[in-house]
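Asks: sequence and predicted model, in that order:
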Amino acid sequence: MNPIQRPEMYIIGAQPVCSQLPGLSPGQRKLCQLYQEHMMYIGEGAKNAIKECQFQFRQRRWNCSTVDNTSVFGRVMSIGSRETAFAYAVSAAGVVNAISRACREGELSTCGCSRTARPKDLPRDWLWGGCGDNVEYGYRFAKEFVDARERERNYAKGSEEQARILMNLQNNEAGRRAVYKLADVACKCHGVSGSCSLKTCWLQLADFRKVGDLLKEKYDSAAAMRIGRKGKLELVNNRFNSPTPEDLVYIDSSPDYCLRNETTGSLGTQGRLCNKTSEGMDGCELMCCGRGYDQFKSVQVERCHCKFHWCCYVKCKKCTEIVDQYVCK
């Protein structure tokens with residue numbers, strides 16, 4: 001799936017008619033016809049990816065905003081920037097995550113529980129064989145489906161278009177590997193009165209927030225690349241280490257995202273909330289790009305004075321507080 005297409009189109013009760021789904025390449029449409037039951041989970045993965053992107057960038061000038069009905073991230077994706085790299089990676093990761101879970105839950109006819117080999121360091125008396133998340137299948141399917149769009153495009157060797165395709169493929173792979181890398185062994189105790197004399201273990205996906213955190217770290221250390229004479233990406237600055245398949249790469253500088261720009265897809269930061277006391281990117285000086293900010297008072301209602309009552313509920317009061325807030329001019 002192209003990660004910038006409308007994921008809500010895939011979240012439908014009946015099996016989708018693949019020819020009517022917007023944004024699919026010819027190769028993806030063929031895979032859709034073969035794996036129609038997968039499409040709903042591809043959509044779920046995309047929605048989770050968007051939520052995670054918006055969480056990770058909530059305090060940045062570019063906050064992963066959705067802009068219209070035809071694409072999720074808008075024209076920002078036309079630039080091969082760090083932000084685009086993250087969006088592709090987290091979208092690919094979302095597909096792996098959702099498909100892997102659907103396998104475990106028995107929702108897909110072509111896969112089931114994980115068949116990962118027993119870890120060598122697992123104690124001998126612990127059982128291996130609980131129903132694990134099938135991250136192997138999720139990885140393979142996501143690689144075939146997500147990458148199909150890039151692999152079927154024609155381009156001139158050494159062209160900027162080729163550079164962008166290679167960039168997208170690299171970041172798709174980094175997203176998939178993040179899910180695979182963070183999957184770990186989970187166990188459940190058995191025995192009389194919970195004595196844990198026996199354990200059953202299985203492979204379990206990490207919480208998707210951890211995947212987002214890892215990809216955000218990769219975003220911060222993303223490598224600037226350019227297309228080389230041999231038709232491969234190469235580092236702009238050879239003083240840095242070459243990226244591994246787990247790393248994010250980009251080919252274009254990012255816009256500053258300060259002002260609204262229809263050409264680049266930047267929404268600007270006018271009207272964004274900022275933190276007056278912070279010196280970070282969420283601070284009013286950086287967030288507002290030096291344009292200044294307006295102050296207003298806001299009434300916040302929160303639960304307070306909560307008490308636990310036997311048995312078994314918590315009763316709270318509602319407290320109101322007037323707080324100062326700041327928005328960029």
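Replies: Great, that's in hand. Residues are numbered from 1 along each chain as shown.
Asks: got any ranges where this protein has weak pLDDT?
Replies: 1-17, 66-74, 191-194 (pLDDT under 70).
Asks: what about 50?
Replies: Along the chain, the parts satisfying pLDDT under 50 run over 1-16, 69-70.
Asks: need the next SSE after the strand or helix carrying residue 139, C-terminal direction.
Replies: Assessed by DSSP states H and E, residue 139 sits inside helix 135-151. Per DSSP H and E, the first helix or strand lying C-terminal to helix 135-151 is helix 160-182.
Asks: in that next one, what counts as buried?
Replies: 162-180, 182 (16 or more other Cβ atoms under 10 Å). In this view, the C-beta of every residue, glycine as well, is placed from N, C-alpha and C.
Asks: apart from its neighbours in sequence, what residue is nearest the spatially most central residue of the chain?
Replies: With distances taken as Cα atoms, centre = their mean, the residue of the chain nearest its centroid is residue 90 (2.5 Å). Among residues not flanking residue 90 along the chain, residue 49 sits closest, at 4.6 Å (Cβ to Cβ, 6 or more residues apart in numbering).
Asks: counting by contacts, list what the helix or strand hosting the one you found packs against.
Replies: Residue 49 belongs to helix 39-56 when elements are defined using DSSP H and E. Under the contact criterion of 3 or more Cβ pairs under 8 Å, 6 or more residues apart in numbering; DSSP states H and E, helix 39-56 touches helix 82-104, helix 208-220.
Asks: using PDB, list the CA coordinates for that helix.
Replies: Taking C-alpha atoms only, helix 39-56 is exported to PDB below (Å, rounded to 0.1, in the frame of the first residue of the first chain):
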ATOM      1  CA  MET A  39      -7.100  -5.400   3.000                       C
ATOM      2  CA  MET A  40      -9.000  -4.500   6.200                       C
ATOM      3  CA  TYR A  41      -5.900  -5.200   8.300                       C
ATOM      4  CA  ILE A  42      -3.700  -3.100   5.900                       C
ATOM      5  CA  GLY A  43      -6.100  -0.300   6.600                       C
ATOM      6  CA  GLU A  44      -5.900  -0.800  10.400                       C
ATOM      7  CA  GLY A  45      -2.100  -0.800  10.200                       C
ATOM      8  CA  ALA A  46      -2.200   2.500   8.200                       C
ATOM      9  CA  LYS A  47      -4.500   4.100  10.700                       C
ATOM     10  CA  ASN A  48      -2.300   3.000  13.600                       C
ATOM     11  CA  ALA A  49       0.700   4.400  11.700                       C
ATOM     12  CA  ILE A  50      -0.900   7.800  11.300                       C
ATOM     13  CA  LYS A  51      -1.800   8.000  15.000                       C
ATOM     14  CA  GLU A  52       1.800   7.000  15.900                       C
ATOM     15  CA  CYS A  53       3.300   9.600  13.500                       C
ATOM     16  CA  GLN A  54       1.100  12.300  15.000                       C
ATOM     17  CA  PHE A  55       2.100  11.300  18.500                       C
ATOM     18  CA  GLN A  56       5.800  11.300  17.700                       C
END
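Asks: got a list of what residue 320 touches?
Replies: 299, 300, 301 (Cβ atoms under 8 Å, 6 or more residues apart in numbering).
Asks: let's see it at 7 Å
Replies: Listed by Cβ atoms under 7 Å, 6 or more residues apart in numbering, the contact set of residue 320 reads 299, 301.
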